[in-house]
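# what follows is a predicted structure for the sequence shown.
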Amino acid sequence: MMSINFEKQSTLDETSNPESIKGRQCITDWFFTGHSMVVIGDFLASKEKQEYRKLTKEEEEIIVDKGTEAPFTGEYYAFWKRGTYACKRCGAALYRSESKFEADCGWPSFDDEIPGAVKRLPDADGVRTEIQCANCGAHLGHVFLGEGFTKKNVRHCVNSISMDFIPDKSEP
Ligand SMILES: [Zn+2]
């Protein structure tokens with residue numbers, strides 16, 4: 001199957017061109033080391049290539065140094081438009097506006113994340129659970145369980161400054 005094709009290919013460009021020999025050697029290496037190597041290689045390359053948005057000093061204090069913005073000061077604590085909240089640093093989609101609710105705590109609150117978008121870690125304070133962007137590790141805030149705000153009984157308490165809001169495209 002694939003190996004037969006490859007054999008045919010290699011006899012077709014049987015030349016003394018060193019470049020073509022080198023190219024064939026690469027294909028042979030790929031063929032015998034297996035596809036997974038190639039996949040991992042591509043994955044690492046794409047990770048490296050990913051460019052993070054340059055942060056302001058204020059953004060860095062929260063997103064990198066895990067600070068907390070003052071309550072009732074952020075852009076999104078009392079903001080109810082339809083759309084998606086994305087990571088300020090890498091742009092990964094984190095939350096949908098449908099999950100946002102009023103917790104009167106002064107920070108944007110969500111009772112659910114976009115599947116796989118948010119990572120939970122024990123906070124350095126030994127009590128709370130920190131939440132980070134699963135893609136780039138940006139600090140988002142903390143998650144609290146069992147407070148009874150919504151049916152899901154979860155509150156992601158997120159710094160506005162850690163997110164960008166992307167409005168849904170309005171209906172034509
Ligand atoms: Zn991110």
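In hand now; what should we look at?

# right, and the helix or strand after the lengthiest strand in the chain?
Ranked by residue count and defined by DSSP state E, the top strand of the chain is strand 139-145. Going down the chain from strand 139-145, the next helix or strand is strand 154-158, by DSSP states H and E.

# is that next one in proximity to the ion?
No: on the criterion CB under 5 Å from the ion, strand 154-158 is out of touch with the ion, staying 12.4 Å away. Placement of C-beta: from N, CA and C, glycine included.

# now do that strand, average pLDDT.
For strand 154-158, mean pLDDT rounds to 98.

# could you give me the buried positions within the helix or strand following it?
Following strand 154-158 in sequence order, the next helix or strand is strand 163-167 (DSSP H and E). Across strand 163-167, burial judged by 16 or more other CB atoms under 10 Å covers 163-165.

# element containing residue 73, please.
In the assignment (DSSP H and E), residue 73 maps to no helix and no strand.

# enumerate the residues of the protein near the ion.
The chain comes close to the ion at residues 87, 89-90, 92, 133, 135-136, 138, as judged by CB under 5 Å from the ion.

# now, those that are in helices?
Using DSSP state H, no member of these sits in helices.

# which among those residues count as buried?
The neighbour-count test (16+ other CB under 10 Å) marks 87, 89-90, 92, 133, 135-136, 138 as buried among the residues of the chain next to the ion.

# how about a markdown table for those, with pLDDT added?
Formatted as a markdown table, those follow (pLDDT from 0 to 100):
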| residue | pLDDT |
| --- | --- |
| 87 | 98 |
| 89 | 98 |
| 90 | 98 |
| 92 | 98 |
| 133 | 98 |
| 135 | 98 |
| 136 | 98 |
| 138 | 98 |
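
# name the nearest of the residues you listed relative to residue 115.
residue 92 (12.1 Å; CB to CB).

# which of the helices and strands in this protein ranks last by mean pLDDT?
Here the helix or strand of the chain ranked lowest by mean pLDDT, DSSP states H and E is helix 2-12, holding a mean of 43.

# which secondary structure element contains residue 62?
Secondary structure (DSSP H and E) places residue 62 in helix 57-63.

# try residue 130
Using DSSP H and E, residue 130 maps to strand 129-133.
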